[in-house]
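Visitor: Mind looking at a prediction? Sequence and model below.
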Amino acid sequence: MRTDELTQERIARNDARFRSANEQIEKAAERYEVGDVPIPFLCECADISCRQVIRMSLDSYEEVRSDGRAFLNAPGHEDGAADVTETVAQRDGYTIVRKINHAGEVAERLDPRREEAPSRAQEEGR
Ligand SMILES: [Zn+2]
């Protein structure tokens, strides 16, 4: 079954909200110079009631955030939006997923870092 565009948009917007929250968490962690201590980030899956916390280093989170369409999920949570998401990597304690189709476009448009790195968005514009 294919998820219609409106639903894809809703999923992407919801996930982007958690991504924005994580962005704030990351900024706070950088401000306090926490170093290599694992930071509690929020699961960015499609389930609006999900409040799962994923602890990971700033560097690991940066890897996820290097792609405007990529999101951080707790293991197994990517199944909730299987047709608008592809799994990029399974790591210890978390999964990196990438939004595809319309959800991917919305996710990229809502990327808070998009302005900072326009060249990357262009590269992937294809
Ligand atoms: Zn989740």
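Guide: Alright, I've got the coordinates. Numbers count the residues shown, from 1 in each chain.
Visitor: The residue nearest the centre of the chain in helix, strand or coil?
Guide: The centre of the chain sits closest to residue 71, judged by C-alpha atoms, centre = their mean, with a distance of 2.0 Å. Per DSSP: H, G, I helix; E, B strand; the rest coil, the secondary structure class of residue 71 is strand.
Visitor: Distance check, the closest residue to it other than its chain neighbours against residue 35.
Guide: Spatial nearest neighbour of residue 71, chain neighbours left out: residue 44 (4.1 Å); criterion: C-beta to C-beta, 6 or more residues apart in numbering. To be clear about C-beta, it is placed using only N, CA and C from the backbone, and glycine gets the same treatment. Per C-beta to C-beta, to the nearest Å, residue 44 is found 24 Å from residue 35.
Visitor: higher neighbour count, these two?
Guide: Higher neighbour count among residue 44 and residue 35: residue 44, with 27 against 8, using other C-beta atoms under 10 Å.
Visitor: Tell me how far that one lies from residue 74.
Guide: For residue 44, the distance to residue 74 - C-beta to C-beta - is 9 Å.
Visitor: Check residue 49 too.
Guide: From residue 49 to residue 74 the distance is 13 Å (C-beta to C-beta).
Visitor: if you count what's nearby, which of the two comes out ahead?
Guide: Between residue 49 and residue 74, counted using other C-beta under 10 Å, residue 74 has the larger neighbour count: 18 against 4.
Visitor: what sits against the more buried one?
Guide: Contact analysis of residue 74 by C-beta atoms under 8 Å, 6 or more residues apart in numbering lists 43, 45, 50, 52, 54, 94-95.
Visitor: most surrounded residue in those residues?
Guide: Scoring the contacts of residue 74 on neighbours with other C-beta under 10 Å, the highest-scoring entry is residue 45 at 25 neighbours.
Visitor: so after the helix or strand where residue 97 lies, what's the next helix or strand?
Guide: Here residue 97 sits within strand 94-99, counting by DSSP states H and E. As assigned by DSSP H and E, the chain's next helix or strand after strand 94-99 is helix 101-109.
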